[in-house]
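S.K.: Here is the input, now give the coordinates:
(one chain, ligands or ions: 4)
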Amino acid sequence: MVDDQNRRIPIAVVVWALAALAVVAGVSALLIHQQRRTENRGAEYLSESPAAGSAVFRKKGCVNCHQVNGVGASTGSDLAHYGSAEHSLPQLVTAMWNHAPRMWEQMQERHLPYPSMEDREIAQIFTYIYMSRHVALPGDPASGHTLFEEKGCVHCHAVAGAGGAVGPDLARIPEAVSGMQWMSALWNHSSAMQSKMTEMGVAWPKFAGQDIDDIYAYVRQNASPATIVHDPNPDPENGWGLFQSKGCMSCHGIKDEGGQVGSSLGPNGDLPATFSKLGELMVTAAPAMTEEMRKEGMQPPHLTAQDMTDIFAFLYSLRYVEPSGSAAVGQSVFSWRGCNRCHGSSAQGSSRGPALRGRGEHYTSMGLASSFWRHGAKMYDRTEGPRTERASLLESDVGDLIAFLNSPVQPNKNSR
Ligand code: HEC
Ligand code: HEC
Ligand code: HEC
Ligand code: HEC
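M.R.: Ligands and ions are numbered 1, 2, ... in the order given. Here you go, the predicted structure:
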């Protein structure tokens, strides 16, 4: 049966899948490489655990002014939602350059010390903010209650006693403890649920927006409060393995040329901003998918919450490569944004700022954002003239700037 499926995968897809693996491997290699290179300085980017970042976020007092996914004070912006997930890497960089001065001013006004952080702690915080962007927005239990009736769940399910008894009471199922567990329960029971629906003449519900999150919020509100479990930590590499072993690959190309049974899930297609919205699309498509699977003689794969998280993280990781750019354009951007005034036109350094190129430093978005955090206050203080004239960085600058900062230093006869 496995051979059968393999034969159906067009060569182009296999080739592309290998390329994707290379991308994932490349990204991991870059991260591991970076981790090794910077181990002496104790800095690790993206490889950090979001949980550690959450702890630092509290410890350093960021929670006094910021929320992340609704947790914390609301003086500053909610850091998980100040922009779209797709642009989050370059955006972290521009946010640290453009908005951070207002933050430092607020800290001064409130006589709070500028939080000093190790590189590693900064990386942890950024990983935490970055990952939080794919977490669901907290659902709305009132809307969930309405949807529970509108979508017909109430015919078969109760929530804490009130409702039908064809299926289990949803407030009492063991999976009502985290968003991803809830999502995987919906997926794993979709076939059985579907047969029951056919029997009872009920149509499979279509979910849109954040319907499933809202229904979950309603269920959650009525479930026993003691057991709240965090969603599993994503592991994209494991997700790539699962994407193949669970058979997703045999119907979903990860590149448009696939010519597949299901839609392409590769980097050229749109994915919604959060894991749970992607899960929602998948659950909505469950009847169509199981029908195709039956045609192929395949059982719908059982997916744990961890499996689903890893597969989704893999799909999203294909979209989160570092922004690319041109070193030549980057050099112009470096002047247009006034970096040259302190760091020199080739970033060779001057009396007002250190050299940035030719020091064996490998810049990444995370690294640049982290530099702006560490050195930004000083850079801002040294700005001459009216601060309102300080140039803003655009998201589209980031790839070019990084390419420029990483370009080898050319021996130049004209420079000193
Ligand atoms: C005294 C209050 C205060 C504290 C403490 C604080 N911030 Fe801020 N932060 C702000 C304000 C105000 C802004 C500016 C928002 C704007 O310009 O719209 C900001 C902006 C930011 C931004 C850019 C977000 C955006 O809207 O683009 C990031 C990222 C950030 N802070 C991270 C942190 C981190 C990490 C910590 C803890 C180490 C922290 N902040 C501590 C008040 C604070
Ligand atoms: C026609 C009846 C029917 C309708 C309508 C229905 N379900 Fe179900 N549901 C079932 C049955 C039966 C099961 C148990 C399936 C099994 O044993 O695998 C189930 C299982 C589930 C599970 C997994 C429970 C577990 O044990 O982990 C969840 C979650 C769930 N349903 C949510 C919903 C939601 C949300 C709706 C509305 C959008 C809904 N169901 C509509 C009949 C229904
Ligand atoms: C036998 C073929 C088949 C297999 C295997 C399969 N899918 Fe699908 N999948 C489909 C089809 C067909 C659709 C589109 C249904 C529709 O358009 O309503 C779909 C839709 C989806 C969607 C919604 C995408 C969208 O654009 O609406 C997601 C997400 C998804 N599948 C993920 C997966 C994952 C993850 C796996 C592996 C665990 C998987 N699929 C396995 C056939 C398959
Ligand atoms: C007003 C002068 C000034 C301007 C303008 C300026 N910088 Fe800086 N920059 C500095 C100084 C001074 C330091 C070192 C600060 C310190 O030691 O904390 C620094 C440090 C840095 C670092 C960290 C270097 C290291 O040692 O790790 C980076 C990266 C950087 N700047 C990039 C930029 C970029 C990109 C721009 C333009 C968007 C820019 N700077 C604009 C003065 C400036």
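S.K.: show me the contacts for the residue of the stretch 301-416 of the chain found nearest ligand 1.
M.R.: Taking CB to the nearest ligand atom, ligand 1 has its nearest neighbour within the stretch 301-416 of the chain at W373, 7.3 Å off. No exception for glycine: its C-beta is placed from N, CA and C like everyone else's. Each residue near W373 by CB atoms under 8 Å, 6 or more residues apart in numbering is listed here: 96, 100, 117, 122.
S.K.: got the end-to-end distance for stretch 289-303?
M.R.: One end of stretch 289-303 to the other measures 14 Å (CA to CA, to the nearest Å).
S.K.: The residue of the stretch 301-416 of the chain closest to ligand 1 - that's part of a helix, no?
M.R.: Yes. Using DSSP: H, G, I helix; E, B strand; the rest coil, the assignment for W373 is a helix.
S.K.: now it: how far from A95?
M.R.: 10 Å (CB to CB, to the nearest Å).
S.K.: touching ligand 3 at all, stretch 234-243?
M.R.: No. Residues of stretch 234-243 are not located near ligand 3 by CB under 6 Å from any ligand atom, the shortest gap being 6.7 Å.
S.K.: re the thing from before, mind pulling the model confidence for the residue of the stretch 301-416 of the chain closest to ligand 1?
M.R.: pLDDT recorded at W373 is 85.
S.K.: for A223, same thing?
M.R.: Looking at A223, the pLDDT reads 84.
S.K.: check contacts around it.
M.R.: Contacts of A223 (CB under 8 Å, 6+ apart): 160, 171-172, 176-177.
S.K.: Please repeat the previous calculation with a cut-off of 6 Å.
M.R.: Residues in contact with A223 (CB atoms under 6 Å, 6 or more residues apart in numbering) are 171, 176.
S.K.: E175 versus that one, what's the distance?
M.R.: 10 Å.
S.K.: for Y114, same thing?
M.R.: Between Y114 and E175 the distance is 44 Å, computed by CB to CB.
S.K.: So which of those two has more stuff around it?
M.R.: Neighbours were counted for Y114 and for E175 using other CB atoms under 10 Å; E175 has more, 18 against 13.
S.K.: My read is that the more buried one contacts Q181, right?
M.R.: Yes. Between E175 and Q181 there is a contact at 4.3 Å, judged by CB atoms under 6 Å.
S.K.: Tell me the residues of this protein that contact ligand 3?
M.R.: Counting by CB under 6 Å from any ligand atom, the chain sits next to ligand 3 at 246-248, 250-252, 261-263, 278, 281-282, 285, 288-289, 292-293, 296, 301, 303, 311.
S.K.: if I look at A217, how far off is Y114?
M.R.: Distance from A217 to Y114, by CB to CB: 38 Å.
S.K.: typo on my end, it should be Y363
M.R.: 23 Å.
S.K.: Could you do I311 as well?
M.R.: Look at I311 and Y114: by CB to CB, they are 41 Å apart.
S.K.: got the residues of this protein near ligand 4?
M.R.: Counting by CB under 6 Å from any ligand atom, the chain sits next to ligand 4 at 97, 337-339, 341-343, 352-354, 356, 368, 371, 375, 378-379, 382-383, 393, 401.
S.K.: on that earlier part again, so how do I select the buried members of the residues of the chain next to ligand 3 in PyMOL?
M.R.: Buried residues within those, by 16 or more other CB atoms under 10 Å, are selected in PyMOL with:
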select buried, resi 246+247+248+250+251+252+261+262+278+282+285+289+293+303+311
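S.K.: got the contact list for the one residue in the stretch 51-200 of the chain that gets nearest to ligand 4?
M.R.: Minimum separation of the stretch 51-200 of the chain from ligand 4 (CB to the nearest ligand atom) falls at W97, amounting to 5.9 Å. Shown in contact with W97 (CB under 6 Å, 6+ apart): 372, 393.
S.K.: And it, what's its pLDDT?
M.R.: 86.
S.K.: List the buried residues for the strand or helix carrying it?
M.R.: Element membership of W97, judged by DSSP states H and E, is helix 88-98. Neighbour counts over helix 88-98 (16+ other CB under 10 Å) mark 88-98 as buried.
S.K.: just for the stretch 101-250 of the chain, where's the confidence low?
M.R.: 130-137, 225-229 (pLDDT under 70).
S.K.: The stretch 301-416 of the chain too?
M.R.: Short version for the stretch 301-416 of the chain, where the test is pLDDT under 70: 319-321, 384-389, 411-416.
S.K.: what's around the residue lying closest to R337 once chain neighbours are set aside, how many residues?
M.R.: Using CB to CB, 6 or more residues apart in numbering and skipping residues adjacent in sequence, the residue nearest R337 is A391, 4.4 Å away. Counted with other CB under 10 Å, the neighbours of A391 add up to 13.
S.K.: swap in R382?
M.R.: Neighbours of R382 (other CB under 10 Å): 11.
S.K.: Please report how far the residue nearest to R337 lies from ligand 2.
M.R.: Shown here: A391 relative to ligand 2, a distance of 50 Å by CB to the nearest ligand atom, to the nearest Å.
S.K.: distance of that residue from R374?
M.R.: 20 Å.
S.K.: the strands in the protein, which residues?
M.R.: In the chain, strands defined by DSSP state E lie at 67-68, 71-72, 158-159, 162-163, listed in chain order.
S.K.: Quick one: the helices in the stretch 101-250 of the chain, in order.
M.R.: 119-132, 141-150, 179-188, 190-200, 211-222, 236-245 (DSSP state H, counting those that start in this stretch).
S.K.: Against which helices or strands is the second one packed?
M.R.: In this case it means helix 141-150. helix 211-222 (3 or more CB pairs under 6 Å, 6 or more residues apart in numbering; DSSP states H and E).
S.K.: Return the alpha-carbon coordinates of the helix it packs on using CSV.
M.R.: Taking C-alpha atoms only, helix 211-222 is exported to CSV below (Å, rounded to 0.1, in the frame of the first residue of the first chain):
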residue,chain,number,x,y,z
ASP,A,211,-15.4,29.5,15.2
ILE,A,212,-13.5,26.5,16.6
ASP,A,213,-11.6,28.7,19.0
ASP,A,214,-14.8,30.2,20.2
ILE,A,215,-16.6,26.9,20.7
TYR,A,216,-13.5,25.7,22.5
ALA,A,217,-13.6,28.8,24.8
TYR,A,218,-17.3,28.0,25.6
VAL,A,219,-16.4,24.3,26.4
ARG,A,220,-13.3,25.4,28.3
GLN,A,221,-15.3,27.8,30.4
ASN,A,222,-17.6,24.9,31.5
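S.K.: ok, that helix near ligand 2 or not?
M.R.: Yes. Helix 211-222 comes into contact with ligand 2 (CB under 6 Å from any ligand atom), by way of I215.
S.K.: This completes my enquiry, with thanks.
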